[in-house]
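# following is a predicted model, sequence given first.
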Amino acid sequence: MKKIENKKNFFKIVFFIIFILAIAGITVALIPVIKMLPTAEGRLKLKETVESFGGFGGLVFVLIQICQIVVAFIPGEPIEIISGMLFGSMMGFFLCMIGIVIGTVLVFYLVRWLGEPLVSAFVNSEKLKKYKILNDEKRLESLVFILFLIPGTPKDVLTYLVPLTKIRPKKYFVYSSIARIPSVISSTIVGSTIGDGNWALSIVIFAVTALVGFVGILYNDKLLSKYSRKKKESDI
């Protein structure tokens, strides 16, 4: 029995090392893509690169979106904007959600298998402490939905943290996916209007999204403080 357990642990360690090396390799390979994201010229170049794959462009984009979820520090919103530019608001939204759901499922089961060492490789200790409220089992599902819904929350960090809780996989996948919809569709609409050359509308939507995001960040901090206080009070 002990030999079997040792073999399992050895296999986990080997897989963990391979996974981290693979992520490092993917990150290096995606550096040109990451550099493209902050500027309009870069996003246009990435758009042309994806379009060069012809009928396979959608599949290539889904793979990029999956990588964005798994490699947590790659920004998500520019990729969603590019999706709208490439495929239009609705198809872009659909392709983003496919990649997000697949990436979320992959990360969930990897974290459930490999545990906190994998999370620590992507999430710093401060954020681990900040989101300790996710240990509150009574409010867990509602907290997960609210945190994924609020603009400005680090959703890719949450993707690594939530699997450490006792949430049921199916409920988590459904709640987190539904909660992401407003954020993703607003980004693909911005991308679509840019693609159509409607810069005035793009600026208005982007400004509103940025304002909502700023309010969301403030609300997120208040929410975390509120739940932390409640948790301390209930523990006394």
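Arrived safely, thanks for sending.

# show me the helices in the chain, by range?
Ranges of helices within the chain are 2-36, 40-51, 57-70, 77-87, 89-114, 116-122, 125-130, 140-149, 155-161, 169-195, 199-235, based on DSSP state H.

# how about low-confidence regions in the chain?
Under the criterion pLDDT under 70, the flagged ranges of the chain are 1-10, 23, 26-27, 29-31, 33-40, 43, 133, 195-236.

# closest to the centroid, which residue in it?
Nearest to the geometric centre of the chain sits residue 156, at 3.2 Å (CA atoms, centre = their mean).

# can you give me the neighbour number for the nearest residue to that one once chain neighbours are set aside?
Of all residues not flanking residue 156 in the chain, residue 72 sits nearest, at 4.1 Å (CB to CB, 6 or more residues apart in numbering). Yep, even glycine has a C-beta here, placed from its N, CA and C like the rest. Applying other CB atoms under 10 Å, we find 21 residues neighbouring residue 72.

# how about residue 72, phi and psi?
phi -60, psi -20 (degrees, to the nearest 10).

# what separation is there between it and residue 119?
Using CB to CB, to the nearest Å, residue 72 is found at 10 Å from residue 119.

# who touches both of these two?
Listed as contacting both residue 72 and residue 119 by CB atoms under 8 Å, 6 or more residues apart in numbering are residue 160.

# what sits against the spatially closest residue to residue 88 that is not a sequence neighbour?
Nearest non-adjacent residue to residue 88, counting by CB to CB, 6+ apart: residue 192, 5.3 Å away. Neighbouring residues of residue 192 by CB under 8 Å, 6+ apart: 84-85, 88-89, 92.

# ditto for residue 182
Per CB under 8 Å, 6+ apart, neighbours of residue 182: 149, 151.

# next: residue 66.
Residues in contact with residue 66 (CB under 8 Å, 6+ apart) are 99, 102-103, 106.

# in PyMOL, how would I select just the buried ones from these?
Entered in PyMOL, the line below selects the buried ones among the contacts of residue 66, by 16 or more other CB atoms under 10 Å:
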select buried, resi 99+102+103
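
# same list (the contacts of residue 66) but as JSON lines, adding distance to residue 183.
Below are those laid out as JSON lines (distance: CB to CB, whole Å):
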{"residue": "99", "distance to residue 183": "14"}
{"residue": "102", "distance to residue 183": "18"}
{"residue": "103", "distance to residue 183": "15"}
{"residue": "106", "distance to residue 183": "20"}
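
# tell me which two of the contacts of residue 66 sit farthest apart.
Using CB to CB, the pair of the contacts of residue 66 lying farthest apart is 99 and 106, separated by 10.5 Å.

# any common contacting residues for these two?
In contact with both residue 99 and residue 106: 66, 69, using CB under 8 Å, 6+ apart.

# what about the residue lying closest to residue 120 once chain neighbours are set aside, distance to residue 91?
Excluding its sequence neighbours, the residue lying closest to residue 120 (CB to CB, 6+ apart) is residue 128, at 7.6 Å. Taking CB to CB as the measure, residue 128 falls 37 Å from residue 91.

# same question, residue 51
From residue 51 across to residue 91, the span is 14 Å (CB to CB).

# tell me which of the two has more neighbours.
Taking other CB under 10 Å, residue 51 and residue 91 do not tie; residue 91 has more neighbours (15 against 12).

# still on that earlier bit, ok, and the most crowded of the contacts of residue 192?
Using other CB under 10 Å as the neighbour criterion, residue 84 leads the contacts of residue 192 with 29 neighbours.

# hang on, residue 57 packs against residue 49?
No - Residue 57 lies out of contact with residue 49 (CB atoms under 8 Å); the separation is 9.3 Å.
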